[in-house]
Each structure stands twice: as structure tokens, then as C-alpha cells.
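*Asks:* how does the following fold in three dimensions:
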Amino acid sequence: AALEMAGTKKFKKEIESLQESRAEHLAQLKVEFDKRAQLLLSMNTTRDSLERSREVNRDDDLAALEARNTESRKLKTYIDQLLAEVLKQPDQIATAIMTGLPRLQQDSKEYSRADLTKLNDKEMHAVIKRKEADNAILEKYVDQLLGKIVEHRPSILEVMSFG
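*Replies:* Prediction:
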């Protein structure tokens, strides 16, 4: 019986030691679990923030493109008005003004809002850049046309009504 008691005490100490070790491991696991939960929450918050940021950027891109399209339409209307007035002039003056002007050839495609929402960010920025380049060409053309008009018949600008 004494041997049994000695063996039981030995096993009891081992069991207590294992229980303490188990409790420590559980505490460590809980700490690790809490850290991972915080990290996951942080990652989800960051992802949600990035998605909202992308939506805002997409809206900004759409607004920028719409502004470029509006600018393009205004420039084209202005060019049409100027050319209409030039063509009302006697042939000699109209020819003098039109001689040397470059031909306007551009990508005149305007995307619908539905088409634009299908574009990825890279494609959207490429469309905006193309529209900016087209508008720069239109502005250069207007400058050249105005220069020719001022050189040959500045009175055209005085009688035009720009509405």
C-alpha cells in the first residue's frame, strides 16, 4: 500500500505538472488567437477602406472624363462656328484662312457611362489620357484658326455670337 501511495503521489505531481503546462499552452493559444483576430479585423477594415477609396477614385475618374467630353464638345462647337463664319466670306479670304490648317482627325468615340463602368482602372486612365490629347489637338487647331482669322479677316470675330 505504501508503494501504491508513493506511485500515486508521483503520478499526481506529473498530472498537476501536465495540467499547468496545458493551462499555459491554452493561455498562449488564446493570446495567439486574439492577435490573429485583431489582424484579420485590421485587414478587413483596410480592404473595406481601399474598396471605398477605389469607388471614390472611379467616381472621380468618371467625372474627369465627363468634363473632358464636355470640353471636347464645346471646342468642336466653337470650331464649327468659326468655320461657318469663314465659309461665309468671299472665296479668296476663305481659302487664305483655310490654307495651311491641319486636318482634324481624332478618335471621336464617346463612351456611355455603362461602357465606362466596365473598364478597369488602367483602361479608364488610358481613355482619359486619349481624351486629353484629343482636346489638346482641338485647342491647337482653334489657336491656329483664330490666328489665320485675325491675320486675314478679324472682323469675323466681331460679328460672331458665341452662345
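
*Asks:* mean pLDDT per helix and strand in the chain: which one sits at the bottom?
*Replies:* Ranked by mean pLDDT, DSSP states H and E, the weakest helix or strand in the chain is helix 113-117, scoring a mean of 79.

*Asks:* so which elements touch that helix?
*Replies:* With contacts defined as 3 or more CB pairs under 8 Å, 6 or more residues apart in numbering; DSSP states H and E, helix 113-117 has these neighbours: helix 2-87. Just so you know, the C-beta spots here come from the backbone N, C-alpha and C atoms, and that holds for glycine as well.

*Asks:* so which residue is dead centre in this protein?
*Replies:* Nearest to the mean C-alpha position of the chain, counting by CA atoms, centre = their mean, stands Asp61 at 4.1 Å.

*Asks:* tell me the SS of the closest residue to that one other than its chain neighbours?
*Replies:* Spatial nearest neighbour of Asp61, excluding adjacent residues (CB to CB, 6 or more residues apart in numbering): Met124 at 4.9 Å. Applying DSSP: H, G, I helix; E, B strand; the rest coil to Met124 yields a three-state assignment of helix.

*Asks:* do Gln89 as well
*Replies:* coil.

*Asks:* what about it, distance to Thr46?
*Replies:* Applying CB to CB, to the nearest Å, the value for Gln89 to Thr46 is 64 Å.

*Asks:* again with Glu66
*Replies:* 30 Å.

*Asks:* can you check Ile149 too?
*Replies:* For Ile149, the distance to Thr46 (CB to CB) stands at 57 Å.
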